[in-house]
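*Asks:* no sequence for this one, just the structure:
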């Protein structure tokens, strides 16, 4: 586990309560994050009321989903909640909780790590300028407003990129 390899203060690791429903877990987690903001353990974004995490680390699925934000899912439009839930995930498990796009895009740094050839097309749609047909792809919607976005790709995941703006 990553947290065992880096010096993270144990009180800064906040697990999701998986013994309750997804809705209750999302409510509990959002309450906890709001308490951390209230006590100034986590800063607030200066452009929204969202928490401003130092780093959000994401993976991406072959369908272009990040966190538990799936293509064409109504939760992509959530603007008021920091943490939300879904009960109809197209991938197992069906019940999940997730940060919303406003929270992800308020972070100081967002890193997306992607490996594998099965994700190459989604990487291409998320990164290359390929037109309006992919604007609802969750990975493409990750655009930190004032933060930095970095993609870490293996050669297979990057195989369909045009490559002109990237280096190895």
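*Replies:* Received it, and whenever you're ready, just let me know what you need. None of these values were measured; they are calculated from a predicted model. Residues are numbered from 1 along each chain as shown.

*Asks:* can you pull out the helices in this structure?
*Replies:* 2-5, 22-38, 101-104, 120-127, 138-141 (DSSP state H).

*Asks:* for this structure, which spans come out with low pLDDT?
*Replies:* 1-3, 130-135, 163-168 (pLDDT under 70).

*Asks:* What sits closest to the residue nearest the centre of it if chain neighbours are left out?
*Replies:* Within the chain, one residue has its C-alpha closest to the average C-alpha position: by CA atoms, centre = their mean, that is residue 67, at 4.2 Å. The shortest distance from residue 67 to any residue other than its chain neighbours is 4.3 Å, reached at residue 98 (CB to CB, 6 or more residues apart in numbering). Using the backbone N, CA and C atoms, a C-beta is placed for each residue, glycine as well.

*Asks:* what sits against that neighbour?
*Replies:* Contact criterion CB atoms under 8 Å, 6 or more residues apart in numbering gives 67-69, 75, 83-86 as the residues in contact with residue 98.

*Asks:* Kindly indicate which of those lies nearest residue 125.
*Replies:* Of all these, residue 69 has the smallest distance to residue 125: 14.9 Å, by CB to CB.

*Asks:* The closest one bridge partners, please.
*Replies:* Listed beta-bridge partners, residue 69: residue 66 (assigned using DSSP bridges).

*Asks:* Could you count how many residues lie near it?
*Replies:* Applying other CB atoms under 10 Å, we find 25 other residues in the vicinity of residue 69.
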